[in-house]
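Visitor: sequence and predicted structure are below.
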Amino acid sequence: MKQRTINVRVWDAIERCFITGGWLQEEYWEPLSKRYTLQQDTELKDRKESKIYEGDIIQTYRDNEKSDVFPVVFKDCVFGRITDDSIVSLQIVRDWEREELEIIGNIFENPNIKL
């Protein structure tokens, strides 16, 4: 059985940018908690075919009309949005609620987007 590859992006809090590349090796794990934030790929894409990551800010569309705006979170082993005291899966939002997803920013570079 082939294991799933977990793709992440890394936010550098000091440089205030995302780091790309294959530098994530074991000797870097300790300083991650102080300087770097890992964000996991949800394995979903938005309506422009961009990968959706934890921490992205999503605009939903229903019948081509703007609907909700929310940050993607990872909670209870689910990628989704927080509603009251629970989490709604991104797949449910996309497939069952028939809403299209579009990335409009992320929590680090766009903290002023109204949620």
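Guide: Thanks, I have it.
Visitor: how about low-confidence regions in the chain?
Guide: Along the chain, segments meeting pLDDT under 70 span 1, 21-33.
Visitor: who does the longest strand belonging to it pair up with?
Guide: Across the chain, the longest stretch assigned as strand under DSSP state E is strand 36-45. If you go by DSSP bridges, strand 36-45 pairs up with strand 8-12 (antiparallel), strand 51-53 (antiparallel).
Visitor: contacts for that strand next, please.
Guide: 6-13, 19, 28, 32, 51-55, 72, 74, 79, 90-91, 94, 101, 108 (CB atoms under 8 Å, 6 or more residues apart in numbering). C-betas here are computed from N, CA, C, even on glycine.
Visitor: pick the most buried one from the strands paired with strand 36-45.
Guide: Highest mean neighbour count of these: strand 51-53, a mean of 19 (counted as mean count of other CB atoms under 10 Å).
Visitor: related to what we said a few turns ago, let me know which of the strands paired with strand 36-45 is the nearest to residue 114.
Guide: Minimum separation from residue 114 across the strands paired with strand 36-45 (CB to CB) falls at strand 51-53, 19.6 Å.
Visitor: run the chain-centre distance for the helix or strand harbouring residue 91.
Guide: Per DSSP states H and E: residue 91 is located in helix 90-91. Its chain's average C-alpha position is 11 Å from that of helix 90-91, according to CA atoms, centre = their mean, to the nearest Å.
Visitor: quick one: strands adjacent to the following helix or strand past it?
Guide: For helix 90-91, the following helix or strand on the C-terminal side (DSSP H and E) is strand 100-106. Strands that pair with strand 100-106, judged by DSSP bridges, come out as strand 56-62 (antiparallel).
Visitor: fine, thanks again, bye for now.
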